[in-house]
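Visitor: 3D, please:
(2 chains)
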Amino acid sequence: MSFLSIRNLSVRLKKGPPLLRRVSLDVAAGEVRGLVGESGAGKSMIGKAVLGILPPSVEVTEGEILLDGIDLLTLPQAQRRRRIGALAALIPQDPLTALNPSHRIGPQITDRLVDILGWTRADADARARNLLAEVQIADPDRVLRSYPHELSGGMRQRILIASAFAAEPKLIVADEPTTALDVTVQKQILKLIAGMQARHGTALLFVTHDLGVVSKVCQKLSVLYAGMVVEDTSVADFYAAPRHAYSAALLAATPKYTDPSAGLTPVPEVVIATVQAEVAAFDRGQAHG
Amino acid sequence: MPFLRILVLRLLTTGITLAGVAVIVFFVIRVVPGNPIAMMLPPGATEADIARLSALYGLDKPLVAQFGIWVAGVVQGDFGTSITTRQPVLALVLGRLPATLELSIMALVIACLLGGAAALTGTRFRGGRTEGAIDVANGMALSVPDFLWGLILILLFGVLVPIFHISGRVTPSLDLPFTTSFYLFESLIRLRFDLWADIVAHMFMPALALAIPLAAITGQLLKQSLKETMNLDYVTLARTKGYGESRVILREALRNAALPTLTLVGVQFTFLIGGTVIIERLFSYEGLGNMAIDAVINRDLPLIQGIVLLFAVIFTAVNLIVDLLYTVLNPRLRHG
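Guide: Predicted coordinates:
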């Protein structure tokens, strides 16, 4: 039984085009699944749907999101919110905008423990200190008293990672957690997330457009194009022999840093035409069905 | 030390501002037609009487010399003597100041409460009918000026449903034990809630009339600011933690959204103080504004000068307080 199971999830702009087309995927307890695709493929949308933070401009038209066996979409709003808060967490994309500028760091890590899970302030503070040590922040006490603007982007992302693990969630959605960071910091943060995930045994839904990252962190992989899952496979199989032409082209397009003269390989036109035809066929099927 | 730096800079510029205000008010009220001597003497007074009285008040000297005498006095704390009441201007003005301060601050509090409530409710139910209703109410509150609100309120709660007093600051027959002119404040300190209730019943309508337009502006800007803040990443992150909509608004968004609103409230509050002049007249409220109108009607030049200078001091003080508050509320400015 998967911890997170998404079944035929369709999302569209209100009275507009579809954004997700019957997406299905599973994340087992403690497993890491990568979600890859180009910009606009809907990978972040899946993460938002799971966490109940879809923007008000979109609507879910069908499907189920089973979190630990219970469909979030059929729950009343307050219950859904509490269930998500208790079982899941988010590592956001941009550490510079994801911390509240007028609160100190400490309360931003401990708030959910105290306000929602009913911890004592002392317990929550001790937990925050341990978490900061775990994400390798020297001098946790000073950082807990700091305001976000006093810290660097890399530091803030470490804090957000610590905060995501604060309540020992069973599932974490990491929404391109290294995209906004310096290349030199990216690697450390990636290692940190992988290490924390392994130690805590947390399931991870890792949204990224970087296949290089997938090979380092993930066990399973969903490739998306235009809101459709074109391939759902294990990472090992994917690198050995991608089944879908688009996946293969995506893999071939990954820059090889070992050979700077090679230049960039785009996804061939013919592959894009093929996958677009599949999307069109799907939409025709929806319209007639 | 931004506090100290702002304070010192502000005190310097305040000095310049007040000097400018002093020059302008002194000469402008002497350029406009009408003079206090003519107001004091009965019709048909002789040229000699007029000349004698002018000499008595020093009004026969050249303008520049008069200005010099006045400024020399002001610097030593002597603002001159009121022509109509023959009392020192400073004592008169300071005697009325508490009434106007209490009225303005009560209006400010009402405006912040009304505006804040409208903004929070509108944000909580954004995109729905409630927000639409709040927008309409805001528009109406904005398009009617404060003195018209005063008349409407008098009609509603003074005439049709007489639950508030329509004139004065306190019922005249009451025995007042106060030693200061801060009646509202002192009645609370002395635990005289009967007097307090009477004072509030007198103040409420003029304060509300002043507050309604300010509440509308504040509410509109705060709601706009809140709605923008609600789309920011840290608010979204708070939602994933399990916080409900109302708590997200209050905990995460309000403080950050309130910052731009605060500056506007400061500026608008000075307009509100300007509005007290007409509102106090309308409700026969014995404050500075009412005194200012009497002073202008009687061409009581020293009194007008004193009142205008005091208003200038209040305006600059309000602006200073807003700037200091801004640094307190915004941690990013505190270490600058």
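Visitor: what are the ranges of the strands in chain A?
Guide: All strands of chain A, identified by DSSP state E, fall at A:4-13, A:18-27, A:32-36, A:58-67, A:70-71, A:88-91, A:171-175, A:203-207, A:220-225, A:228-234.
Visitor: return the most buried member of the ones you listed.
Guide: strand A:88-91 (a mean of 28; mean count of other Cβ atoms under 10 Å in any protein chain shown). (Each C-beta comes from the backbone N, C-alpha and C, glycine too.)
Visitor: near chain B, which residues of chain A show up?
Guide: Where chain A comes near chain B, counting by Cβ under 8 Å from any Cβ of the partner chain, the residues are A:51-53, A:56, A:78, A:81-82, A:84-86, A:88-90, A:92-94, A:97-102, A:111-112, A:115-116, A:147, A:149-150, A:160.
Visitor: residues in contact with residue B:180?
Guide: Each residue near residue B:180 by Cβ atoms under 8 Å, 6 or more residues apart in numbering or on different chains is listed here: B:98, B:186.
Visitor: related to what we said a few turns ago, just the buried residues from the residues of chain A next to chain B, in PyMOL please.
Guide: Per 16 or more other Cβ atoms under 10 Å in any protein chain shown, the buried members of these correspond to this PyMOL selection:
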select buried, chain A and resi 51+52+53+81+84+85+86+88+89+90+92+93+94+97+98+99+100+101+102+111+112+115+116+147+150+160
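Visitor: among the residues of chain A next to chain B, name the ones in helices.
Guide: Using DSSP state H, the members of the residues of chain A next to chain B that fall in helices are A:51, A:78, A:81-82, A:84-86, A:111-112, A:115, A:160.
Visitor: may I ask which two of the residues you listed are separated the most?
Guide: Maximum pairwise distance among these (Cβ to Cβ): 25.4 Å, between A:78 and A:160.
Visitor: tell me where the stretch 151-289 of chain A has helices.
Guide: Using DSSP state H, counting those that start in this stretch, the helices assigned to the stretch 151-289 of chain A run over residues A:153-165, A:183-200, A:211-217, A:235-240, A:245-253, A:269-288.
Visitor: mind giving me the packing neighbours of the fourth one?
Guide: If contacts are counted by 3 or more Cβ pairs under 8 Å, 6 or more residues apart in numbering or on different chains; DSSP states H and E, helix A:235-240 sits against helix A:211-217, strand A:220-225, helix A:245-253.
Visitor: list the residues that contact residue B:170.
Guide: B:176, B:183, B:195, B:198-199, B:202 are the contacts of residue B:170 under Cβ under 8 Å, 6+ apart.
Visitor: is it true that it lies in a strand?
Guide: No. Using DSSP: H, G, I helix; E, B strand; the rest coil, the assignment for residue B:170 is coil, not a strand.
Visitor: could you check how far it is from residue B:107?
Guide: 18 Å (Cβ to Cβ, to the nearest Å).
Visitor: then residue B:163?
Guide: For residue B:163, the distance to residue B:107 - Cβ to Cβ - is 19 Å.
Visitor: what about these two, which has more around it?
Guide: The residue with more neighbours, out of residue B:163 and residue B:107, is residue B:107; 27 against 11, by other Cβ atoms under 10 Å in any protein chain shown.
Visitor: for the stretch 1-150 of chain B, which residues are neighbours of chain A?
Guide: Close to chain A, as judged by Cβ under 8 Å from any Cβ, the stretch 1-150 of chain B has residues residue B:127.
Visitor: could you check which residue of the stretch 1-150 of chain B lies nearest chain A?
Guide: Of all residues in the stretch 1-150 of chain B, the one sitting closest to chain A is residue B:127 (6.8 Å; Cβ to the nearest Cβ).
Visitor: can you check chain B too?
Guide: Proximity of chain B to chain A (Cβ to the nearest Cβ) peaks at residue B:242, 2.1 Å away.
Visitor: and that residue, its phi and psi?
Guide: phi 110, psi 10 (degrees, to the nearest 10).
Visitor: dump the residue contacts of it.
Guide: A:81-82, A:84-86, A:112, A:116.
Visitor: one step back: now, which of the contacts of residue B:170 lie within strands?
Guide: Nothing among the contacts of residue B:170 maps onto strands, per DSSP E.
Visitor: buried ones among those residues?
Guide: The buried subset of the contacts of residue B:170 (16+ other Cβ under 10 Å) comprises B:183, B:195, B:198-199, B:202.
Visitor: among those, which pair sits farthest apart?
Guide: B:195 and B:202 (10.7 Å).
Visitor: circling back: reformat the helices and strands packed on helix A:235-240 as a markdown table; add mean pLDDT.
Guide: Converted to a markdown table, those look like this (pLDDT from 0 to 100):
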| stretch | mean pLDDT |
| --- | --- |
| helix A:211-217 | 87 |
| strand A:220-225 | 94 |
| helix A:245-253 | 86 |
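Visitor: nearest to residue A:45, of the ones you listed?
Guide: strand A:220-225 (9.3 Å).
Visitor: which outside residues touch that closest one?
Guide: By Cβ under 8 Å, 6+ apart, strand A:220-225 touches A:23, A:25, A:27, A:31-38, A:41-43, A:46, A:214, A:229-235, A:238, A:244, A:246-247, A:250, A:275, A:279.
Visitor: residue contacts, residue 204?
Guide: This is for chain A. Applying Cβ under 8 Å, 6+ apart, the residues contacting residue A:204 are A:27, A:31-33, A:171-174, A:193, A:197, A:217-218.
Visitor: other chain: chain B
Guide: So residue B:204 contacts B:106, B:164 (Cβ under 8 Å, 6+ apart).
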